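J.: No sequence on hand, only this structure:
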């Protein structure tokens with residue numbers, strides 16, 4: 001009895017083994033798939049498809065292959081490792097895709113790496129545009145669906161949309177805008193593809209209005225859905241901004257609910273074509289009109305949005321602009337001392353508004369226009385500094401992590417720290433990448449606390465290049481004796497008052513804390529302090545103002561230096577030089593010079609100046625306007641100047 005039972009089990013197992021079949025066996029046993037069988041064998045895929053799987057094979061019939069252009073099948077079979085393998089793998093999915101699991105608008109990734117689309121309607125089930133004529137032919141290692149056409153891998157992102165049953169509006173829009181040939185180009189392109197339902201969710205009449213003016217807003221919107229690069233889902237990150245062909249950027253949000261482009265959810269990712277990739281999204285995304293829109297769309301600027309709203313600045317920043325916003329991330333706000341954000345939000349019209357306006361410029365400041373050492377005046381009235389080095393671009397000490405996120409009314413640069421308005425002229429130097437030597441000098445001279453005082457102060461701030469232009473060893477010598485000449489020079493760069501550029505005038509003298517005065521020259525070439533050019537004016541702090549200058553200015557040693565530095569004493573300088581008195585007036589002195597301006601000399605009778613300069617050593621010409629120098633000798637008769645001897649006589 002036992003032997004009979006054992007024999008029965010053996011026969012049963014043998015029968016089951018004989019009856020087991022793979023997706024290859026289904027194809028081989030079918031009278032309608034001879035061409036497919038030949039293709040699978042030629043491409044050496046039979047062994048692969050007899051493996052464990054699971055596999056889903058969309059199996060074109062012999063009639064489907066015969067419907068291809070004449071010679072196509074022969075050409076494919078002649079090069080089986082090329083296009084033939086590519087096409088066969090595009091008919092094969094590395095998973096069980098039974099008909100019960102298919103849905104209209106679904107994309108299924110094939111072993112080829114590209115996806116097929118599923119369309120289900122009253123006419124049946126379609127894979128791309130091939131109709132499923134027999135579904136769910138089950139094998140041990142998968143399933144076969146018979147289809148009535150050979151499906152070809154998409155060459156372009158346009159092909160993907162054309163094959164999709166849920167992108168008919170997008171296809172119509174792309175066609176109306178004349179973008180089909182563009183998107184059939186080499187690429188690469190990334191298309192965020194709104195579904196028909198996404199377009200239908202727009203306000204009534206919107207789609208029709210867009211299609212009626214395809215070269216206007218429609219093109220603008222479509223290009224905002226298109227990136228001129230491959231942006232696969234694996235390369236996306238939360239808080240990322242991706243620049244579109246439109247010129248404006250979309251933001252990426254990734255959380256537990258999924259991946260979002262602006263506020264549109266990605267429902268299908270990475271539908272690959274030869275010239276790019278398509279991500280299906282559930283909403284139409286609109287280009288940002290304002291810098292506020294950019295922040296609203298960003299998942300990493302929720303605190304900034306809350307702050308702008310609390311400060312009542314939303315409508316301002318939705319205005320015409322242009323505006324540049326340096327936008328700190330949520331992490332940047334979170335890095336502030338505990339309780340700071342809460343305190344700011346509790347008094348939104350005070351420090352919060354002040355800080356937000358310090359992050360905002362009333363002009364377009366694109367990254368292409370930024371330069372190292374540049375100062376940019378904010379709406380707050382104070383300026384931020386720009387530092388550019390191998391580590392990146394910095395606004396004050398905040399790094400720009402994303403640049404040039406463009407809106408209609410301006411541009412946003414994302415930064416990794418909250419920047420605070422400078423309280424003192426020292427803060428301005430600390431933030432500047434081109435005033436490091438000045439900062440070291442101020443620190444060495446023990447003037448930091450002084451210049452952090454109430455002020456007001458005006459600092460004429462030489463750049464690092466200005467200090468570097470001094471004779472070799474000068475800086476080292478000054479720093480070695482900080483309480484001597486260094487302090488003297490620094491205080492000569494500092495005025496104990498607010499001297500804004502609007503209050504400067506050509507020929508003006510301004511007394512410094514040093515006790516000596518600097519002269520102001522204003523001409524077509526710019527504004528000069530002595531002979532140092534002001535390269536950046538009016539960098540304002542709470543306790544004063546900084547003007548950046550391109551040279552170190554030295555306190556005048558002699559009365560001649562004062563005349564030389566003055567823009568309104570050129571005639572006097574020429575006269576003193578012609579008379580050979582320069583070395584005399586550069587002597588120990590002391591001298592008091594009553595210095596006529598150029599206008600004063602010009603007021604003399606015609607020809608007077610020329611006559612004087614023609615006989616600089618003479619004494620025959622006497623004019624009551626000439627004795628302007630008081631030589632503090634014991635008696636005037638002993639003065640060595642001939643003209644004074646003449647007047648004395």
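T.: Alright, I've got the coordinates. Remember, it's a predicted structure, so these values are computed and weren't measured experimentally.

J.: next helix or strand past the helix or strand hosting residue 133?
T.: Element membership of residue 133, judged by DSSP states H and E, is strand 130-139. Using DSSP H and E, the helix or strand that directly follows strand 130-139 along the chain is strand 142-147.

J.: average model confidence for that next one?
T.: Average pLDDT, strand 142-147: 97.

J.: How far off centre is it?
T.: 50 Å (Cα atoms, centre = their mean, to the nearest Å).

J.: for it, packing partners?
T.: With contacts defined as 3 or more Cβ pairs under 8 Å, 6 or more residues apart in numbering; DSSP states H and E, the packing partners of strand 142-147 are helix 23-29, strand 55-60, strand 130-139. From N, CA and C alone the C-beta is placed, and that goes for glycine too.

J.: What pairs with the second one, parallel or antiparallel?
T.: Spelled out, it's strand 55-60. Strand pairing for strand 55-60, using DSSP bridges, gives strand 92-93 (antiparallel), strand 142-147 (parallel).

J.: quick revisit: show me which positions of the strand holding residue 133 end up buried.
T.: 130, 132, 135, 137, 139 (16 or more other Cβ atoms under 10 Å).

J.: my guess is residue 280 is in a helix, correct?
T.: No - Residue 280 is assigned strand when assessed by DSSP: H, G, I helix; E, B strand; the rest coil, not a helix.

J.: quick one: residue 251 is in a strand?
T.: Yes - counting by three-state DSSP, residue 251 is found in a strand.

J.: Quickly list what it is bridged to.
T.: residue 241.

J.: Could you do the one 10 residues further on as well?
T.: Here residue 261 sits in beta bridges with residue 252, residue 264, as judged by DSSP bridges.

J.: now it: how far from residue 269?
T.: Using Cβ to Cβ, to the nearest Å, residue 261 is found at 11 Å from residue 269.

J.: next one: residue 402
T.: 22 Å.

J.: ok, back up a step: dump the helices and strands packed on strand 142-147 to CSV, plus distance to residue 96 and mean pLDDT.
T.: Below are the helices and strands packed on strand 142-147 laid out as CSV (distance: least, Cβ to Cβ, whole Å; pLDDT from 0 to 100):
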stretch, distance to residue 96, mean pLDDT
helix 23-29, 11, 96
strand 55-60, 6, 98
strand 130-139, 9, 96
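
J.: Can you give me every residue that contacts residue 433?
T.: 372, 373, 385, 386, 387, 388, 389, 394 (Cβ atoms under 8 Å, 6 or more residues apart in numbering).

J.: Quickly check the buried residues of strand 130-139 for the two that are furthest apart.
T.: Greatest spacing in the buried residues of strand 130-139, by Cβ to Cβ: 130 and 139 (20.0 Å).

J.: Tell me where the stretch 401-550 of the chain has helices.
T.: 425-431, 436-444, 448-451, 464-468, 474-480, 487-492 (DSSP state H, counting those that start in this stretch).

J.: swap in the stretch 101-250 of the chain?
T.: 157-163, 168-176, 180-183, 196-200, 206-212, 219-224.

J.: Just list the residues touching the residue most central in space within the chain, thanks.
T.: Nearest residue to the geometric centre of the chain (Cα atoms, centre = their mean): residue 403, 1.0 Å. The contact partners of residue 403, by Cβ under 8 Å, 6+ apart, come to 367, 393, 413, 414.

J.: Give me the local confidence score for the first one.
T.: Residue-level confidence at residue 367 comes out at 96, pLDDT.

J.: ok, it - contacts?
T.: Here residue 367 is in contact with 393, 400, 403, 404, 413 (Cβ under 8 Å, 6+ apart).

J.: circling back to that earlier point, make TSV out of the helices of the stretch 101-250 of the chain and add mean neighbour count and mean pLDDT.
T.: TSV is the format used below for the helices of the stretch 101-250 of the chain (neighbours: other Cβ atoms under 10 Å; pLDDT from 0 to 100):
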stretch	mean neighbour count	mean pLDDT
helix 157-163	24	95
helix 168-176	19	97
helix 180-183	16	96
helix 196-200	17	97
helix 206-212	15	94
helix 219-224	20	97
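
J.: Switch the ones you listed over to CSV; also include distance to residue 59.
T.: Converted to CSV, the helices of the stretch 101-250 of the chain look like this (distance: least, Cβ to Cβ, whole Å):
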stretch, distance to residue 59
helix 157-163, 18
helix 168-176, 28
helix 180-183, 31
helix 196-200, 30
helix 206-212, 39
helix 219-224, 37
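
J.: thinking again about what came up before, want to throw the helices and strands packed on strand 142-147 into JSON lines with distance to residue 419?
T.: Shown next, in JSON lines, are the helices and strands packed on strand 142-147 (distance: least, Cβ to Cβ, whole Å):
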{"stretch": "helix 23-29", "distance to residue 419": "63"}
{"stretch": "strand 55-60", "distance to residue 419": "56"}
{"stretch": "strand 130-139", "distance to residue 419": "59"}
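
J.: Nearest to residue 441, out of the ones you listed?
T.: Once the helices and strands packed on strand 142-147 are compared by Cβ to Cβ, strand 55-60 is nearest, at 75.6 Å.

J.: what's stretch 252-270 in contact with?
T.: 106-107, 109, 115, 192, 194-195, 198, 232-234, 236-242, 250-251, 277, 279-285, 297-299.

J.: Could you rerun that using 7 Å?
T.: 107, 192, 232-233, 236-238, 240, 242, 250-251, 277, 279-283, 285, 297, 299 (Cβ atoms under 7 Å, 6 or more residues apart in numbering).
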